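**Q** Structure for this input, please:
(one chain, ligands or ions: 1)
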Amino acid sequence: MIKVNNNFSKLQKNYLFAEISQKVADFTKINPDKKIIKLGIGDVTKPLVPAVIEAMHKAVEEMADEKTFKGYGPDYGYDFLINKIIECDYKSRGIDLKKDEIFVSDGAKSDTANITDIFSIDNKIAITDPVYPVYLDSNIMSGRTGEYNEFTKKYENVTYMKVIEENSFVPELPKEGVDIIYLCFPNNPTGTTLTKDDLKKWVDYAKQNNAVILYDSAYEAYITEENVPHSIYEVEGAREVAIEFRSFSKTAGFTGMRCGYTVVPKDLKIAIGSGEKIGINEFWARRQSTKFNGVSYVTQKAAEAVYSLEGQKQIKENINYYMENARIIKQGLEKAGYTVYGGINAPYIWLKVPKGLSSWEFFDKLLEEKNIVGTPGSGFGPSGEGYFRLTAFGSRENTIEAVKRLTQEM
Ligand code: PLP
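**A** Residues are numbered from 1 along each chain as shown. Got it, this is the predicted structure:
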């Protein structure tokens, strides 16, 4: 008899953004004349840059010609893109990676979720709290967590590492042994970062405890401060313990294009008993070649163009535009008396909600009274309660208008 994967019934009812969309849709139905400003979901608004568009046009022409048409591409990505990734994202920072350590994919969401395939179900995971929900949900689906506890708002058999004001948003090393550690810096949702010294402690911990770090650096292009590492491999020894996820989504506005990549160093080896060690790189390669058929040629040509001189200049203009929005939100809110974090090395502003309100109550109040949509911190984990996320991805006009509304008495 057919049986479902019952782990799915352990998931909390709605994916956070579906719940927000529903609330906004309900509000709009009753208030069709209200101009809502959405600073909730982390999606870009600026179109693709000209260098990318030009590369795509060229690639489309190639696809239309018998002599240059491309069918299935290499499972792990075309060399022209992988070489650029190695040169521009890593070599330029003194990190030496080989071609077969890079796996081009359709984005960091799928990779951070799918990576669970190559690890045993018995591993214990550690996530930051609050957290990008995909890490937790993908582990719930694959059965690596226990049941949800309504009281603690946590899943059993998961280590939650607080990133909160009290610890300056730097997670503490777990006291109990954990096997898979998810770190995302610059962080979504808090917009905060770790220094190289902070990160070194994690690399050392992973080495001592035979753990693996899954490092999501989807927002590295937003780093403005010198002492913030762009890659975990800037830390000595990280190649032996860390997998890194990157995305063109926020770096180059590829949220609708779909392209990212994952780095699985060959030095990352895991003991399989009797002293023998196995390279995880081979496992991921096998997983991808079985379950994934590569990113389209046109998309990879577009991603390659991100690394051209023009491409770099143009994407930086967009990033600067978003970061100026971040500055406007941060300064506006601070002036209005809010306590605000993030917004310096990330396009996210993490603010403390006024005393006496929960994150969802603040969400409702903001929607109803200011017609602004943000994301309740509690949607990212129990320690997100009392916080609220705004994104800098809106238009300048909307950002200024939102700050104006936010700074008026509620
Ligand atoms: N990782 C983090 C931390 C994110 O915030 C997001 C998107 O919001 C992703 C990954 C998803 O990236 P992609 O669009 O490449 O799937």
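**Q** Please make it C-alpha for all contacts and neighbour counts, starting now.
**A** Noted.
**Q** And Pro171, how far from Ser378?
**A** From Pro171 over to Ser378 the distance is 17 Å, taken as C-alpha to C-alpha, to the nearest Å.
**Q** Neighbour count: these two, which is higher?
**A** Summary of the neighbour comparison: Pro171 and Ser378, criterion other C-alpha atoms under 10 Å, with Ser378 having more neighbours (22 against 19).
**Q** Would you agree the more buried one is in contact with Arg389?
**A** No. Applying C-alpha atoms under 8 Å as the test, Ser378 and Arg389 come out as separate, 9.9 Å apart.
**Q** Going by contacts, tell me the helices and strands next to whatever helix or strand Glu19 lives in.
**A** Secondary structure assignment for Glu19, by DSSP states H and E: helix 16-30. Under the contact definition 3 or more C-alpha pairs under 8 Å, 6 or more residues apart in numbering; DSSP states H and E, helix 16-30 sits against no other helix or strand.
**Q** Could you number the chain from 130 rather than 1 from now on?
**A** Shifting the count to begin at 130 puts that one at helix 145-159.
**Q** That helix: which residues count as buried?
**A** Counting neighbours by 16 or more other C-alpha atoms under 10 Å, one finds that the buried residues in helix 145-159 are 145, 149, 152-153, 156.
**Q** What segments of the stretch 330-479 of the chain are helices?
**A** Assignment of helices within the stretch 330-479 of the chain using DSSP state H, counting those that start in this stretch yields the ranges 378-381, 409-420, 426-435, 438-464.
**Q** Buried residues, the longest one. List them.
**A** Put plainly, it is helix 438-464. 440-441, 443-445, 447-448, 450-462.
**Q** and the closest residue to the ligand within the stretch 430-539 of the chain, what does it touch?
**A** Across the stretch 430-539 of the chain, no residue is closer to the ligand than Tyr477, which sits at 9.8 Å (C-alpha to the nearest ligand atom). By C-alpha atoms under 8 Å, 6 or more residues apart in numbering, the residues touching Tyr477 are 317-320, 455, 471, 518-521.
**Q** quick one on the thing from earlier: and the buried residues of helix 438-464 near the ligand, which?
**A** Restricting these to those within reach of the ligand (C-alpha under 6 Å from any ligand atom) leaves nothing.
**Q** how about Asn252, secondary structure?
**A** Secondary structure, DSSP: H, G, I helix; E, B strand; the rest coil: Asn252 is coil.
**Q** wait, what's in contact with it?
**A** Each residue near Asn252 by C-alpha under 8 Å, 6+ apart is listed here: 273, 307-309.
**Q** give me that answer again for 6 Å
**A** Applying C-alpha atoms under 6 Å, 6 or more residues apart in numbering, we find Asn252 in contact with Asp308.
**Q** Tell me the gap between stretch 382-393 and the middle of its chain.
**A** Between the centre of stretch 382-393 and the centre of its chain there are 11 Å (C-alpha atoms, centre = their mean, to the nearest Å).
**Q** Are it and the ligand in contact anywhere?
**A** Yes. Stretch 382-393 reaches the ligand (C-alpha under 6 Å from any ligand atom) through 384, 389.
**Q** likewise stretch 417-427?
**A** No. Stretch 417-427 lies out of reach of the ligand by C-alpha under 6 Å from any ligand atom, never closer than 12.4 Å.
**Q** Quick one: end-to-end distance for that stretch.
**A** The distance separating the two terminal residues of stretch 417-427, taken as C-alpha to C-alpha, comes to 20 Å.
**Q** What are the buried residues along that stretch?
**A** The neighbour-count criterion (16+ other C-alpha under 10 Å) identifies 417, 423-427 as the buried residues of stretch 417-427.
**Q** how about the residues of the stretch 280-429 of the chain near the ligand?
**A** Listed as neighbours of the ligand in the stretch 280-429 of the chain under the rule C-alpha under 6 Å from any ligand atom: 313, 317, 345, 347, 376, 378, 384, 389.
**Q** Verify the stated contact: the third one with Ile310.
**A** Spelled out, that is Asp345. No. Distance between Asp345 and Ile310: 10.8 Å, which falls outside the contact criterion (C-alpha atoms under 6 Å).
**Q** for the residue of the stretch 330-479 of the chain found nearest the ligand, which residues make a bridge with it?
**A** Taking C-alpha to the nearest ligand atom, the ligand has its nearest neighbour within the stretch 330-479 of the chain at Ser376, 4.3 Å off. When assigned by DSSP bridges, Ser376 has beta-bridge partners Gly389.
**Q** Give me the pLDDT for Asn134.
**A** For Asn134, the model assigns a pLDDT of 95.
**Q** residues near it, how many?
**A** Here the count is done by other C-alpha under 10 Å, and Asn134 has 10 residues near it.
**Q** Where does pLDDT dip in the protein?
**A** Counting by pLDDT under 70, the low-confidence segments of the chain come to 143, 538-539.
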